[in-house]
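K.L.:
predicted structure and sequence below. I'll ask about it afterward.
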Amino acid sequence: MAAEIIDGKAIASRLRERIAAETATFVTETGITPQLAAVLVGDDPASAVYVRNKQRACEKAGLRSTLHRLDDRTSQGELLLLVDRLNADREVHGILVQLPLPKQIDETTVLDAVAPLKDVDCFHPENVGLLSQGRPRFQPCTPAGCQYLLAESAVQTEGAHVVVLGRSEIVGKPMALLMVQKGKAANATVTICHSRTRDLPEITRQADILIAALGRPQFVTAEMVKEGVTVLDVGINRTDDGKLVGDVDFTSVATKASAITPVPGGVGPMTIAMLLANTLTAARLQTSAS
Ligand code: GUN
């Protein structure tokens, strides 16, 4: 049976419409327009595209967005000064520092400096701590996007074995936290695999739901999955001939999967939609706190 293709683009588009409607209500009720400040350091072309897409999505949803561009020789001190200024700006509700940062800057120091109530990436230890205790303030964007895709596609997660490939702070770890939580589209048994995992295919073949986020092009092949698996592909890799591919060998894995996300048009659009949702949440939190 052919796999269902999980249409992240369409699902994200419906979610963005809902966020736009909620934003319009919030603006009417408070007179405040939620604002996202994006910070882009250096001239990495992929990062520039991501930031532009995030800004466009904000504007379409009725959120304000501002871009702060700094050159690639910016010092850590200069970046921290900008973060402090944005933390103190009452008109800025969400701050997004696009990663990666140039090598002279320590990412952890900068991300820790973002005010927790403005941390729409959910990277601050306070927000990660709340998430790990099952009382999230913000949703980690890409993992929450994956979870939303599972819910929208009516994939059974209760008691299912979810195997997460990759242990990054941005995707792998928070993904596992979301799936193991009590609640809707969760309650799963979770295994995290990474570069040092022994007998990886043995484990991936046990997955009812496989979430690939290791950043290795077309790493997951048909031999590594069981019949009927649901596969979410977080990877975005560019091949030598300029093609975008995920971490999953889509063509072969789709012959065995019951449902699978494409790249592009799968998980990617969901990350942006969740960022919008978090920016609205941030504005709500800061409005009720003031
Ligand atoms: N770089 C790649 N993914 C992300 C993300 O989700 N947030 C930020 N800030 N930078 C990224």
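P.N.:
Great, that's in hand. Bear in mind that the values here come from a model prediction, so they are computed numbers and not experimental data. Residues are numbered from 1 along each chain as shown.
K.L.:
residue 273 contacts residue 145, correct?
P.N.:
Yes. Counting by CB atoms under 8 Å, residue 273 does reach residue 145; the two are 6.7 Å apart. Yep, even glycine has a C-beta here, placed from its N, CA and C like the rest.
K.L.:
okay, these two: which has more neighbours?
P.N.:
Using other CB atoms under 10 Å, the more surrounded residue of residue 273 and residue 145 is residue 145, with 29 against 25.
K.L.:
which non-adjacent residue is nearest the more buried one?
P.N.:
Sequence neighbours aside, residue 270 is the residue nearest to residue 145 in space, at 2.7 Å (criterion: CB to CB, 6 or more residues apart in numbering).
K.L.:
and the one you found, its phi and psi?
P.N.:
Residue 270 adopts backbone torsions of phi -70, psi -30, taken as degrees, to the nearest 10.
K.L.:
show me what contacts it?
P.N.:
Contact analysis of residue 270 by CB atoms under 8 Å, 6 or more residues apart in numbering lists 8, 11-12, 15, 141-142, 144-146, 148-149.
K.L.:
most neighbours among those residues, which one is it?
P.N.:
Of all these, the highest neighbour tally under other CB under 10 Å goes to residue 146, namely 33 neighbours.
K.L.:
follow-up on the earlier one: where does the residue nearest to residue 145 land on pLDDT?
P.N.:
Here, the pLDDT recorded for residue 270 equals 98.
K.L.:
close to the ligand: what parts of the stretch 51-200 of the chain are there?
P.N.:
When proximity is defined as CB under 6 Å from any ligand atom, the stretch 51-200 of the chain approaches the ligand at 96-99, 121, 141-142, 170.
K.L.:
wait, isn't residue 234 in contact with residue 146?
P.N.:
Yes. Using CB under 8 Å, residue 234 makes contact with residue 146 at a distance of 7.0 Å.
K.L.:
what touches both of these two?
P.N.:
Residues touching both residue 234 and residue 146 (CB under 8 Å, 6+ apart): 211, 267.
K.L.:
what about the strands in the chain?
P.N.:
Along the chain, counting by DSSP state E, strands occupy 4-5, 35-41, 64-70, 94-97, 161-165, 189-193, 209-212, 230-233, 237-238, 244-245, 259-260.
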